[in-house]
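*Asks:* Mind folding the following:
(one chain, ligands or ions: 4)
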Amino acid sequence: MVGTKIAMVGTPCQIMAASKVQHYTKAPIDFKIGLFCMENFSYSYFQELLKQYNLTMAEIEKFRIEKGFAFLSLKSGKKMKIPLATAKTVVRKNCNVCVELTSETSDISVGSIGSDTGWSTLIVRTEKGKRVIDGAIEKGFLKSKELKPSQLKLLERIAFNKAKTNYENIELRESKSRPVLYQRKKTDKGVMAENSVSDFTDLRANVINVGSCVLCGACEYVCPEKMIIIDDTKPRKKRGKCPEDCHLCFSVCPRTFIPESLRNDMSKKVGEYKKILTVKSLKHNEGQDGVVVTTILDYLISNNIVSDALVIDKKENSPWKPVAILTKDIDEIVKASGTKYSVCPIFKALKPLDEDVI
Ligand SMILES: Cc1cc2nc3c(=O)[nH]c(=O)nc-3n(C[C@H](O)[C@H](O)[C@H](O)COP(=O)(O)OP(=O)(O)OC[C@H]3O[C@@H](n4cnc5c(N)ncnc54)[C@H](O)[C@@H]3O)c2cc1C
Ligand code: SF4
Ligand code: SF4
Ligand code: SF4
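*Replies:* Ligands and ions are numbered 1, 2, ... in the order given. Have a look, this model is predicted:
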């Protein structure tokens, strides 16, 4: 058996948080599956929006966003679509200053853009990612095809356009408010210097109170004093003084300064990679696109490559409300398949770090 080794799934901002947690601590995150992500929605505002269509979350079987619409498959069998421009009115503010589409700091990235219906586009980025994907194909978990040049061009164009639009939003926001820190290009020495004088007060002023917090929960996870509380809206700090030499919450936040090795390279529209494929599960059929994420997690757990998977399931009594779970159970991973289009403090499902891993 392996010791604790976690494979996690996340949006680009959550994966950046995980990469920073790996950079600054010895947390047992071992394999990162990044999703493509254009935007994310506020759960409560989305509920309000549905009221305009006389709908509730409980009536929805499946969400999918493509070609300018949010498509809703209802439990009644009916299908509906909401123009994306309308849905965008309930996009979280932080997504407007997010320049990454494809989770560039992951081991592998998965999304639907570029692939045919029922298939997923898979970007293999690291040696570890390559070993896992080669193994999963060889052992009959996945089947794959080359991505055609026209499909890759489409993905690159959409990634470039997201970055371009949101760089413009960053400029606009910076003209009225504080700098968007994660876009400030500093040397590693400069990043360390900033981190060494920053704590939760700086996180609150520069990230949380200016609409840049992605609600990932990484700050709460790493706090050695358990001073941070994160609920559905934003992280808060309990009363009390932080130790002078602690800067961890500020350091791991995906919206503060980024170390050089993790920074996006805009000249590479979908980041560094080893290969790009279009893939489909040969084991599971209930999921969002090619059911590739679920199948890779199944492969990783059933071959003892990792011990646990960190995934996003739905809350029992609140339809479509995402909840993070850490599990070894393949049935639970399968149950968590499918996209939930709202945020969730994913790191909440991890046990607080102990002293040995800080
Ligand atoms: C908010 C959001 C926006 C997205 N936007 C795009 C997009 O614009 N273009 C695109 O091509 N793809 C997008 N995706 C990815 C896409 O929806 C699929 O997740 C991806 O193609 C994988 O499909 P699959 O069938 O392999 O996944 P499945 O096998 O169905 O597994 C999906 C996995 O996603 C995880 N998950 C579900 N909801 C969340 C969440 N809110 N946060 C973190 N993890 C979650 C689950 O834990 C599950 O393990 C988005 C995903 C999310 C969560
Ligand atoms: S900030 Fe928003 S758009 Fe960017 S990765 Fe996170 S959820 Fe997606
Ligand atoms: S103890 Fe450290 S991690 Fe916790 S709130 Fe204070 S500075 Fe942040
Ligand atoms: S403030 Fe905390 S929850 Fe918000 S983005 Fe930063 S690390 Fe994540």
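
*Asks:* quick one: what helix or strand has residue 298 in it?
*Replies:* Taking DSSP states H and E as the criterion, residue 298 maps to helix 292-302.

*Asks:* So what touches that helix?
*Replies:* With C-beta atoms under 8 Å, 6 or more residues apart in numbering as the contact definition, helix 292-302 has outside contacts at 7, 9, 31, 33, 35, 108, 110, 120, 122, 132-133, 135-136, 139, 141-142, 279-284, 287, 305-309, 311, 328, 330, 333-334, 336-337. Backbone N, C-alpha and C define where each C-beta goes, glycine included.

*Asks:* Do a quick rundown of the helices in the stretch 51-200 of the chain.
*Replies:* Assigned by DSSP state H, counting those that start in this stretch, the stretch 51-200 of the chain shows helices spanning 84-87, 127-138, 149-176, 188-195, 200-203.

*Asks:* Buried members of the contacts of helix 292-302 into PyMOL, please.
*Replies:* Remark: buried members of the contacts of helix 292-302, expressed as a PyMOL selection using 16 or more other C-beta atoms under 10 Å:
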select buried, resi 7+9+31+33+35+108+110+120+122+132+133+135+136+141+142+279+280+281+283+284+287+305+306+307+308+309+311+330+333+334+336+337
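
*Asks:* before we move on, the earlier item: just the buried residues of the helix holding residue 298, please?
*Replies:* Here helix 292-302 shows 292, 293, 294, 295, 296, 297, 298, 299, 300, 301 as buried, counting by 16+ other C-beta under 10 Å.

*Asks:* just stretch 53-73 next, same as before
*Replies:* Buried, per 16+ other C-beta under 10 Å, within stretch 53-73: 55, 57, 59, 60, 63, 64, 65, 69, 70, 72.

*Asks:* Return the residues of the stretch 101-250 of the chain in contact with ligand 3.
*Replies:* 199-200, 223-225, 227-228, 237, 242-243, 246-249 (C-beta under 6 Å from any ligand atom).

*Asks:* what sits up against the helix or strand of the chain with the lowest mean pLDDT?
*Replies:* Least confident helix or strand, the chain: strand 60-66 with a mean of 88, by mean pLDDT, DSSP states H and E. Here strand 60-66 makes contact (C-beta under 8 Å, 6+ apart) with 38, 70-75, 84, 87, 112, 288, 319-320, 338-341.

*Asks:* Apply 10 Å and report the result again.
*Replies:* For strand 60-66, the surrounding residues in contact (C-beta atoms under 10 Å, 6 or more residues apart in numbering) are 38-39, 41, 46, 50, 57, 70-82, 84, 87, 112-113, 117, 288-289, 319-320, 338-342.

*Asks:* For the buried ones among those, write the corresponding ChimeraX selection.
*Replies:* Provided next is the ChimeraX selection string for whichever of those are buried by 16+ other C-beta under 10 Å:
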select :38,39,41,46,50,57,70,72,82,84,87,112,113,288,289,320,338,339,340,341,342
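
*Asks:* So which of the contacts of strand 60-66 are in strands?
*Replies:* Residues of these located in strands (DSSP state E): 70, 71, 72, 73, 74, 79, 80, 81, 82.

*Asks:* out of everything not next to it in sequence, what's closest to the last one?
*Replies:* What that stands for is residue 82. residue 70 (4.5 Å; C-beta to C-beta, 6 or more residues apart in numbering).

*Asks:* what's the spacing between that neighbour and ligand 4?
*Replies:* Per C-beta to the nearest ligand atom, to the nearest Å, residue 70 is found 25 Å from ligand 4.

*Asks:* got it, and residue 288?
*Replies:* Counting by C-beta to the nearest ligand atom, the gap from residue 288 to ligand 4 is 24 Å.

*Asks:* re earlier: okay if I get the buried residues of helix 292-302 as JSON lines plus distance to residue 16 and pLDDT?
*Replies:* Compiled in JSON lines, those are given as follows (distance: C-beta to C-beta, whole Å; pLDDT from 0 to 100):
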{"residue": "292", "distance to residue 16": "21", "pLDDT": "98"}
{"residue": "293", "distance to residue 16": "18", "pLDDT": "98"}
{"residue": "294", "distance to residue 16": "23", "pLDDT": "98"}
{"residue": "295", "distance to residue 16": "24", "pLDDT": "98"}
{"residue": "296", "distance to residue 16": "20", "pLDDT": "98"}
{"residue": "297", "distance to residue 16": "20", "pLDDT": "98"}
{"residue": "298", "distance to residue 16": "26", "pLDDT": "98"}
{"residue": "299", "distance to residue 16": "25", "pLDDT": "98"}
{"residue": "300", "distance to residue 16": "21", "pLDDT": "98"}
{"residue": "301", "distance to residue 16": "24", "pLDDT": "98"}
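
*Asks:* okay if I get those as a markdown table plus distance to residue 324?
*Replies:* Below are the buried residues of helix 292-302 laid out as a markdown table (distance: C-beta to C-beta, whole Å):
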| residue | distance to residue 324 |
| --- | --- |
| 292 | 20 |
| 293 | 15 |
| 294 | 16 |
| 295 | 20 |
| 296 | 18 |
| 297 | 14 |
| 298 | 19 |
| 299 | 21 |
| 300 | 18 |
| 301 | 17 |
